[in-house]
Each structure stands twice: as structure tokens, then as C-alpha cells.
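In: Fold the following for me, if possible:
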Amino acid sequence: MNPVDDLRAFDGLRTGVIFCAWTGMNPMSAQRVQALLSIQLQTGCPVMLLTAANIPHWQHPEHPFHPAFPLLSATHQADYLRVYLMHHYGGGYTDIKHTHRAWAPFFARLRAAPGHDALGYTEIGPHGVAPLPPPVGDLLRQHYDKLIGLCAFICRRYSPFTQAWMERTHAVLDDKLEQLRQHPARHPQDRHGALFEDGSHSPYPLAWTELLGNVFHPLVLQLADRVLHDEIAPQFTNYR
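Out: As a prediction, the model looks like this:
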């Protein structure tokens, strides 16, 4: 069964839903469980946790997941899902990190701002920006205060922002699809060049930030006038 009656009509911004994802088969640590409980209790919003068991239920009937999805590491699957969910359903997304804030005011602010597509916390500093090479990376670090972070945000579905984000993400996966078929992920946190226990280096073709930060941060800077900033950041310590 689908998690809602009609995915085509599901509007996460209107209903105030927050998505989280735990894509690996490994169990959550006690800290992660406590972080998830904090999201459920403190935000005051319904929380949809996507896991390996129910991820297929969130595949839009008219917009299937990219064919590279099952070949990705668990981390990159979570990166992909936040783009996919925000574009097709909208609403909130947060990493499973401790939070102490009610999210209803954030949802209300974005609903009341039809000229804006997303709301997030101001990026924490130049060191929080995706490590892209010059000149793009330098520009992003210089203007980090115009960026929003990757760990918690709210989006309006089918907006110009999410449309561009989805298209650019799929362009990365289109480019890497054949390499991914030859070298699918072997570890939940696989990345290109990672060192395995046997001393070999991973041939998995995606770098750590290639599917999320490398796409997201340049897009936010380009469309900064469509993005709101607010105090929505989770706690960045003691969550593993």
C-alpha cells in the first residue's frame, strides 16, 4: 500500500510533513534513535521516515526513480531521495540529527511567500560549502551567507528551484550510469577512491559531495532570491 491515498495529490508543504531517510540495512545507533525521537517530539509535525522497506512506496506513479538509484551507496540514496521528495511532494526534510525547534512557523512562513521556493538555515561558514574547485568553489565560499545548508529545509513542490535541482541531479546520474553499472556501491558510505579493508581503492564513480552539495550549493546561489533563511538548523553534534 502507498503511504498516502494518492501520491499525485500529496502536498507536503500544505500538510506540514517532514521527511527523514535511513536507507541502509544497518540499525540506527542509540544516538540516532534519540535524534529521530527529538524530531518527532520537538518539531510538532508529522514525520515520514523512509527506510529500505518503504522507499518503493514513495516512488511517484508517473515519475520513477532514476535507474541508477539501486546502484548508489546508502548515503547517496539518501542524497537522491531528498531531491526527489522535495520536487514531487514538497514539505520538510531533515537529516536524523537532534532538533529542539517547532517547525510550524517555518512551514507557515514559506506558505505565505509564494515568490519563494525553499526555506533553510544559513550555511554555517565557508567550511560548510561543497568543495568545488575554483572559480565556482571560491565564489560559493565568498558568498556562503547567501546559501542554505543541506541538513534541514522546506521546499515547495514542482517549483523552479526543485525542477532545476532534480534536472541537475539526474544529469549527474545520467553521466555516471554506465560506470555505476560496472562499479555499484560496495559500502553504505562508498565514494570514489575510498580505501577498503583489503587495501584497494573504490572504483565507485561518485565523489562524496557530487550528488548533493556540488549540485545544491551552486543552484542556491543562482536562485538566492527564491530562498528564505531561518533558524531551522538541527544540532550538528552527538548524533552518530
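In: which sections of this protein are below the confidence cut-off?
Out: Within the chain, the segments meeting pLDDT under 70 span 1-5.
In: Mind jotting down where the helices sit in it?
Out: Ranges of helices in the chain, per DSSP state H, are 12-15, 30-42, 74-88, 104-111, 136-142, 160-182, 213-222.
In: Need the winner for burial among those helices.
Out: Most buried of these, by mean neighbour count (mean count of other Cβ atoms under 10 Å): helix 74-88, with a mean of 23. C-beta here means a position set from N, CA and C on the backbone, and glycine is covered the same way.
In: Just the angle for that helix relative to helix 160-182, thanks.
Out: Going by axes from the mean of the first three to the mean of the last three Cα atoms, to 10 degrees, helix 74-88 is angled at 150 degrees with respect to helix 160-182.
In: Give me the helices and strands touching helix 74-88, please.
Out: In this structure, helix 74-88 packs against strand 18-22, strand 91-94, strand 148-155, helix 160-182, with contacts taken as 3 or more Cβ pairs under 8 Å, 6 or more residues apart in numbering; DSSP states H and E.
In: related to what we said a few turns ago, mind giving me JSON lines with the helices of the chain and columns for distance to residue 197?
Out: Output for the helices of the chain, formatted as JSON lines (distance: least, Cβ to Cβ, whole Å):
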{"stretch": "helix 12-15", "distance to residue 197": "40"}
{"stretch": "helix 30-42", "distance to residue 197": "24"}
{"stretch": "helix 74-88", "distance to residue 197": "18"}
{"stretch": "helix 104-111", "distance to residue 197": "43"}
{"stretch": "helix 136-142", "distance to residue 197": "32"}
{"stretch": "helix 160-182", "distance to residue 197": "21"}
{"stretch": "helix 213-222", "distance to residue 197": "27"}
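In: Now do the contacts for the most centrally placed residue in the chain.
Out: Centroid check for the chain by Cα atoms, centre = their mean gives residue 82 as the closest residue, at 3.4 Å. Counting by Cβ atoms under 8 Å, 6 or more residues apart in numbering, residue 82 touches 19, 21, 93, 212.
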